[in-house]
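A.B. asks: Predicted model follows, preceded by the sequence.
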Amino acid sequence: GKFGYIKKFKFIPMISNTQAGELYEAQKAYFDSGATLPYNFRKAQLKRLKKAIEQYETRILDALHQDLHKHPMEAYSSEVGFLYEEISFILEHLKEWMQPEVVTSPLVTYPSSSRVYREPLGLTLIIAPWNYPFMLLISPLLGAIAGGNCAILKPSELAPATSALLTALIKETFDPAYIAIVEGDGGVVIPMLMSYRFDHVFFTGSIPVGKKIMEMAVPHLTPVTLELGGKSPCVVDEKVNVTVAAKRIAWGKFWNAGQTCVAPDYILVHENVQAAFTDALKQAIREFFGDDPAASADYARMINEKRFDVVAKYLEQGHIAHGGQTDRNSKYIAPTLLTDVEWDAPVMQEEIFGPVLPILPYKTLDQAIAAIRKLPYPLALYVFTKSKKTERALIEQVRFGGGCINNALVHLTNPEMPFGGTGYSGMGQYHGRYSFETFTHPKSVLKTGTWLDVPTKYPPFKNKLKLL
Ligand code: NAD
């Protein structure tokens, strides 16, 4: 509301430079003690965290409702249930992941054996955005714990209820020398923390801030994972089940009122099915949220006035085929379909990150692919088609982070698959085993027996080249 800005500075304690230094030193000592190494320790921490989330569950759903008007069902499935699944998956596999991998050794090193050890990185910093403010802070933390690291967490100050709740949960659950949480304005807190050397920084957020994170990592050569955003296209082919496509797209787009990094950003629809598909979309929106989505308990709000203003501006950049109603007081923007948009309009150049869905017709798949390829590599791509050929053309000819065929968003719920962007949509990946790999260093060690010492490699070489 009106006092959000003031509240932010009044209630969120800002860490001082000295406190940041003390926290860093405490974590360094904790990590150096070796406490985080054993499998049993990591397993216990993951279980502890799961228990804490269970205990806080109602309060988590309340906070998410307060920050984003998320329905408890939506909040549970995207931010809480998702984490339970991920924790179970990690617990099931962690022991096996931690085993050194035995690999073969080249004959010239005979008699040798080779192993790849998965070594913890050390001190890690995890920074989250406001759109899935709970899940996007905790999910990377699972990887940090599994990998045997210490972590400092930075939640988004733009979701203040969730930030406060995360702080209570983490402080109650962990020794800050092992896992700590620091609230506050990212522009102040992060540079302060990153003046110290972290072994890894895991950032989820916008492209401009992602660039700043990478810059701050340079002096210490700290590796970064950047989970960013972009314009994720959604292609609707001529050969398609229009009703199912419309429902799945409307679900993925208007989930969290479009404030999802992998939300379908815009639609490219074959001109022959455009009318039928647009009608089916309208129908799906009505089925989901009724005639007045403002009155629906199932529909979220913009995070703040600033984002409301940005997204509301997009409504002027095309013909409103459906929706278009707004209310700045409640930060409400109706699920909106936009047609007749120009490629050079801001709505087709910027990540929309709100409930406005531009629909653009195409004549041939080649044209659609060419249009997608003019924009930076997206985080996600969705294609709705019955044609294997269309499927293959998009997968082969468009670079994107990940995506779905005949579905939206759900690829990221499979812990067997890596999640991450490419190019401007990010670098690095996580989920399941990939989280463990992101938060560990593969340390290669070759061990040679001394019972035999093959003399070929030693000088003087004389005619030894002939032996090779
Ligand atoms: P943001 O980049 O503004 O903020 C993210 C975090 O960075 C926050 O914790 C914030 O405090 C901190 N921050 C802000 N300014 C900073 C600065 N100058 N220096 C250091 N840290 C700073 O992003 P947001 O608005 O919270 O989130 C929306 C963006 O995140 C969208 O672009 C979306 O696509 C992207 N996103 C990506 C994923 C993914 O998994 N790839 C998931 C969710 C959101």
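C.D. replies: Ah, there it is.
A.B. asks: any idea which helix is longest in the protein?
C.D. replies: helix 39-68 (DSSP state H).
A.B. asks: what separates the next helix or strand after it from the chain centre, distance-wise?
C.D. replies: Per DSSP states H and E, the first helix or strand lying C-terminal to helix 39-68 is helix 72-75. Mean-position distance between helix 72-75 and its chain equals 19 Å (CA atoms, centre = their mean, to the nearest Å).
A.B. asks: Which elements pack onto helix 72-75?
C.D. replies: helix 39-68 (3 or more CB pairs under 8 Å, 6 or more residues apart in numbering; DSSP states H and E). All C-beta atoms are positioned from the backbone trio N, CA, C, and that covers glycine.
A.B. asks: what's the spacing between the helix it packs on and its chain's center?
C.D. replies: Taking mean C-alpha positions (CA atoms, centre = their mean), helix 39-68 and its chain are 18 Å apart.
A.B. asks: That helix and the ligand, any residue contact?
C.D. replies: No - Helix 39-68 lies out of reach of the ligand by CB under 6 Å from any ligand atom, never closer than 11.7 Å.
A.B. asks: Could you give me the buried positions within stretch 456-468?
C.D. replies: In terms of neighbour count (16 or more other CB atoms under 10 Å), stretch 456-468 has no buried residues at all.
A.B. asks: What of stretch 181-194?
C.D. replies: Neighbour-count burial for stretch 181-194 flags Ile181, Val182, Glu183, Gly184, Gly186, Val189, Ile190, Met192, Leu193, Met194 (criterion: 16+ other CB under 10 Å).
A.B. asks: among these, which are in reach of the ligand?
C.D. replies: Among the buried residues of stretch 181-194, the ligand is touched by Gly186, Ile190 when using CB under 6 Å from any ligand atom.
A.B. asks: What is the nearest of the buried residues of stretch 181-194 to the ligand?
C.D. replies: Closest approach between the buried residues of stretch 181-194 and the ligand, by CB to the nearest ligand atom: Gly186, at 2.2 Å.
A.B. asks: List the contacts of the closest one.
C.D. replies: The contact partners of Gly186, by CB atoms under 8 Å, 6 or more residues apart in numbering, come to Ile127, Lys154, Ser156, Glu157, Val209.
A.B. asks: want to throw these into TSV with neighbour count and pLDDT?
C.D. replies: Shown next, in TSV, are these (neighbours: other CB atoms under 10 Å; pLDDT from 0 to 100):
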residue	neighbour count	pLDDT
Ile127	27	98
Lys154	23	98
Ser156	24	98
Glu157	19	97
Val209	18	98
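A.B. asks: Quick check: which ranges of the protein have low pLDDT?
C.D. replies: Scanning the chain for pLDDT under 70 picks out 1-13.
A.B. asks: near the ligand, which residues of the stretch 201-350 of the chain?
C.D. replies: For the stretch 201-350 of the chain, the residues in contact with the ligand (CB under 6 Å from any ligand atom) are Thr204, Gly205, Ser206, Val209, Lys212, Glu227, Leu228, Gly229, Cys261.
A.B. asks: let's see 8 Å
C.D. replies: Contacts of the stretch 201-350 of the chain with the ligand, taken as CB under 8 Å from any ligand atom, map to 203-210, 212-213, 216, 227-230, 259-262, 303, 307.
A.B. asks: Not counting residues beside it along the chain, what's closest to the residue nearest the centre of the chain?
C.D. replies: Residue closest to the mean C-alpha point of the chain, counted by CA atoms, centre = their mean, is Glu227 at 5.1 Å. Leaving aside its sequence neighbours, Glu227 sits nearest to Thr204 (CB to CB, 6 or more residues apart in numbering; 4.1 Å).
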